[in-house]
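J.: give me a model of this one.
(one chain, ligands or ions: 1)
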Amino acid sequence: MKVDANKGNAERETTLIKRQPRVVIVGAGMSGILSAIKVREIGCTDITVLEKADKVGGTWRDNTYPGLSCDVPAHMYTYTFEGNPDYSKRFAKGKEICEYFERVTSEYDVDKMIRFNSEVKEAVYEQGCWSLKLQDGEMLKADILLCATGVLHHPRWPKIEGLENFEGNLWHTARWDHSVDYSGKRVGIIGTGSTSVQIVAEITRKVGKLSVFQRTAQWVYPLFDKLYSDKEKEKMRKDPTIGEKLHRRYTSFFNAFFPKLVTGNKLTQFLVSYLCKWNLESKVKDPVLREKLRPNYQAGCKRLIIANGFYEAITSENAELVTEEIERIEPNGVRTSDGNLHELDVLILATGFHAHNFMRPMEMVGLGGQTLKNAWSKGAYAHKTLTVPGFPNMFMLTGPNSPIGNFSLININEYQISYIVQLIELWMKGQVDEIEPKADKTKEYNEDLQSAMLGTVWMTGCKSWYFDEFGRLAMWPWSMEKFWAEMARPQTEDFHLRNLEKGVEKVA
Ligand code: N01
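T.: The predicted structure follows:
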């Protein structure tokens with residue numbers, strides 16, 4: 001094990017730890033790996049990570065499409081306690097990021113805690129204990145349940161007539177079919193979100209013809225990339241403080257920019273809009289194409305795309321932007337509302353994800369037999385993104401209303417886990433058996449969240465995956481400073497902290 005995380009912390013805590021919880025973490029993506037490390041740091045020794053796939057990495061394992069990279073600077077997209085001097089460039093490729101998570105998993109001995117091919121189907125809570133049922137019927141017990149199941153995880157297949165009749169090759173971007181050689185072929189891609197833009201930039205030069213089906217134009221913010229030379233990487237390897245400084249610098253830079261775009265800072269909005277317009281106007285010379293690509297809403301309303309190469313690709317001779325509505329899919333291609341059939345050999349669905357499922361379809365039954373399906377029947381909600389009334393001793397990473405979209409998820413998850421472990425420590429000290437957020441505090445919190453949404457850029461007139469199926473904005477409407485402050489320490493008065501033996505609530 002690279003860092004003896006057990007040792008330092010276990011020594012710190014030994015005198016305080018009265019009992020060991022059985023901790024189960026669902027998911028071995030970036031938040032699950034982090035959770036395992038951080039829960040072990042407070043002295044937990046009985047930790048199991050259940051992963052339904054056969055590898056770690058979550059979204060970085062599932063997404064393998066050409067051009068996949070991270071639009072958050074790589075040195076910010078690492079855990080604060082473990083840098084990566086080997087990144088090839090500022091905005092690293094998906095493969096490198098996945099390799100980073102694999103390395104951390106093995107160097108921190110998280111692999112010893114993981115059980116692969118273990119999908120949790122059901123979790124039932126009773127008297128301080130979660131009973132988990134796996135896909136093969138095996139049962140497992142947990143005192144503490146951590147759901148690290150990710151956000152952009154369930155591919156969204158569009159409801160388009162005739163999709164099932166397409167006779168060429170068809171796949172969703174998150175399930176890329178590497179057995180198909182698309183070079184020289186007629187390829188269509190539906191969608192123009194962050195994923196599509198990266199793919200278009202990469203594959204246009206290889207395909208025979210590319211048809212990009214755009215329903216809504218998107219603002220594209222220029223990505224200022226940089227390659228790291230062997231010399232620079234060597235320097236970072238020798239001196240880890242360089243990577244740490246970069247991490248801090250990018251975090252402050254990002255914070256000065258993208259979250260403020262959301263919360264209505266006029267200067268940031270002006271700068272971001274200016275750079276997006278400059279990007280479009282300087283790279284797309286054809287006035288007709290340029291206007292088709294120009295969004296009619298404010299930059300940042302939809303998730304801002306940060307990318308290079310898209311405008312260059314879409315203006316190349318073998319690419320066409322199709323803005324007519326898709327009428328149906330036919331065996332040979334896509335029929336649009338102007339009557340044209342766009343004949344295709346390959347059709348790629350860059351149509352995004354069901355972003356509001358969280359740990360569902362896993363079924364959860366909490367206190368008094370209430371189900372999560374019921375509790376969330378009008379939309380997913382949580383107390384401070386982490387806990388749900390009626391579901392004690394259960395904590396979510398990147399739960400509802402986490403500040404995703406415009407910040408590094410790693411930063412968000414590190415703050416969330418630091419809050420969660422403080423509550424787990426109460427359990428370990430024997431002070432409480434059952435930790436459940438109060439329903440009235442959660443309601444109040446969610447009312448504040450929704451009223452704060454009114455002032456955000458997301459409400460300025462566009463549709464996006466930030467809205468759930470009930471039309472509620474499922475995002476974080478405040479500053480990152482507020483998020484960091486809220487995650488610093490749990491307000492114990494927000495929770496029922498129960499001693500089950502004595503049947504009383506305890507003040508921790
Ligand atoms: O998905 P999206 P994505 N007919 O939902 C269109 C993260 N990410 O996979 O805008 C026609 O953004 C839809 O059209 P419209 C990032 O957070 C991160 O691209 O709804 N079109 C849209 O154009 C991102 O936001 C990185 O009108 C249909 C597209 O499909 C999130 O993932 C890289 C349609 C879906 O766009 C999701 O991005 C990549 C239909 N029936 C992604 N249905 C990083 O670098 C949907 N569309 C970190």
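
J.: kindly report the residues of the stretch 301-450 of the chain close to the ligand.
T.: Applying CB under 6 Å from any ligand atom, one finds that the stretch 301-450 of the chain approaches the ligand through 303, 326, 350-353, 405. The way it works is simple: take the backbone N, C-alpha and C, and place the C-beta from them, glycine included.

J.: give me the number of residues near Asn117?
T.: 12 (other CB atoms under 10 Å).

J.: assess the claim that it and Asp54 are in contact.
T.: Yes - Asn117 lies in contact with Asp54 (CB atoms under 8 Å); the separation is 5.7 Å.

J.: on that earlier part again, farthest pair in the residues of the stretch 301-450 of the chain next to the ligand?
T.: The span of these, defined through CB to CB, is set by Ile326 and Gly405 at 26.2 Å.

J.: so where's the chain uncertain?
T.: Applying pLDDT under 70 to the chain flags residues 1-15, 506-508.

J.: need the three-state assignment for the residue minimising distance to the centre of it.
T.: Closest to where the C-alpha atoms of the chain average out (CA atoms, centre = their mean) is Val151, at 4.6 Å. Secondary structure, DSSP: H, G, I helix; E, B strand; the rest coil: Val151 is coil.

J.: picking that back up, return the member of the residues of the stretch 301-450 of the chain next to the ligand nearest to the ligand.
T.: Closest to the ligand out of these is Gly352 (2.5 Å), distances taken as CB to the nearest ligand atom.

J.: distance of the residue nearest to the centre of the chain from Leu347?
T.: Note on Val151: its distance to Leu347, by CB to CB, to the nearest Å, is 26 Å.

J.: now swap in Trp130 and tell me
T.: 42 Å.

J.: ok, Asp338 next?
T.: From Asp338 over to Leu347 the distance is 19 Å, taken as CB to CB.

J.: with neighbour numbers in mind, choose between the two.
T.: Leu347 (23 against 10).

J.: show me where the stretch 301-450 of the chain has helices.
T.: All helices of the stretch 301-450 of the chain, identified by DSSP state H, counting those that start in this stretch, fall at 310-314, 372-375, 409-428, 439-453.

J.: got JSON lines for those helices, with mean neighbour count too?
T.: Shown next, in JSON lines, are those (neighbours: other CB atoms under 10 Å):
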{"stretch": "helix 310-314", "mean neighbour count": "22"}
{"stretch": "helix 372-375", "mean neighbour count": "15"}
{"stretch": "helix 409-428", "mean neighbour count": "21"}
{"stretch": "helix 439-453", "mean neighbour count": "15"}
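
J.: please produce CSV containing these, extended by distance to Ser464.
T.: Output for the helices of the stretch 301-450 of the chain, formatted as CSV (distance: least, CB to CB, whole Å):
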stretch, distance to Ser464
helix 310-314, 18
helix 372-375, 25
helix 409-428, 18
helix 439-453, 13
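
J.: which positions in this protein make contact with the ligand?
T.: Counting by CB under 6 Å from any ligand atom, the residues of the chain close to the ligand are 70-72, 152, 158, 160, 190-196, 198, 215-216, 303, 326, 350-353, 405, 463, 465.

J.: buried ones in the longest helix seen in the chain?
T.: Determined from DSSP state H, the single longest helix within the chain is helix 240-262. Neighbour counts over helix 240-262 (16 or more other CB atoms under 10 Å) mark 242-244, 246-247, 250-251, 254-255, 257-262 as buried.

J.: equivalent analysis for stretch 265-277, please.
T.: 265, 268-269, 272-273, 275-276.

J.: spatially, which two of those residues are the most separated?
T.: Largest separation among the buried residues of stretch 265-277 by CB to CB: Asn265 and Cys276, giving 15.8 Å.

J.: before we move on, which element is Leu132 in?
T.: In the assignment (DSSP states H and E), Leu132 maps to strand 129-134.

J.: what's the helix or strand just after that strand packed up against?
T.: Using DSSP H and E, the helix or strand that follows strand 129-134 in sequence is strand 139-142. Applying 3 or more CB pairs under 8 Å, 6 or more residues apart in numbering; DSSP states H and E, one finds that strand 139-142 contacts strand 22-26, strand 46-50, strand 129-134.

J.: and the closest residue to Val110 other than its chain neighbours, how many neighbours?
T.: Of all residues beyond its chain neighbours, the one nearest Val110 is Ala36 (4.7 Å), with distances taken as CB to CB, 6 or more residues apart in numbering. Ala36 has 29 neighbours, counted by other CB under 10 Å.

J.: and the angle for the helix or strand hosting Ala36 with strand 22-26?
T.: For Ala36, the host element (DSSP H and E) is helix 30-41. Between helix 30-41 and strand 22-26, the angle comes out at 170 degrees (axes from the mean of the first three to the mean of the last three CA atoms, to 10 degrees).

J.: and helix 30-41, how far out from the chain middle?
T.: Put simply, helix 30-41 sits 16 Å off its chain's centre (CA atoms, centre = their mean, to the nearest Å).

J.: what do you get for stretch 194-210?
T.: For stretch 194-210, the gap between its own C-alpha mean and the chain's C-alpha mean amounts to 23 Å (CA atoms, centre = their mean).

J.: re the thing from before, how about the helices and strands packed on strand 139-142 in JSON lines, adding mean neighbour count and distance to Thr78?
T.: As requested, those are exported to JSON lines (neighbours: other CB atoms under 10 Å; distance: least, CB to CB, whole Å):
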{"stretch": "strand 22-26", "mean neighbour count": "24", "distance to Thr78": "20"}
{"stretch": "strand 46-50", "mean neighbour count": "21", "distance to Thr78": "20"}
{"stretch": "strand 129-134", "mean neighbour count": "18", "distance to Thr78": "31"}
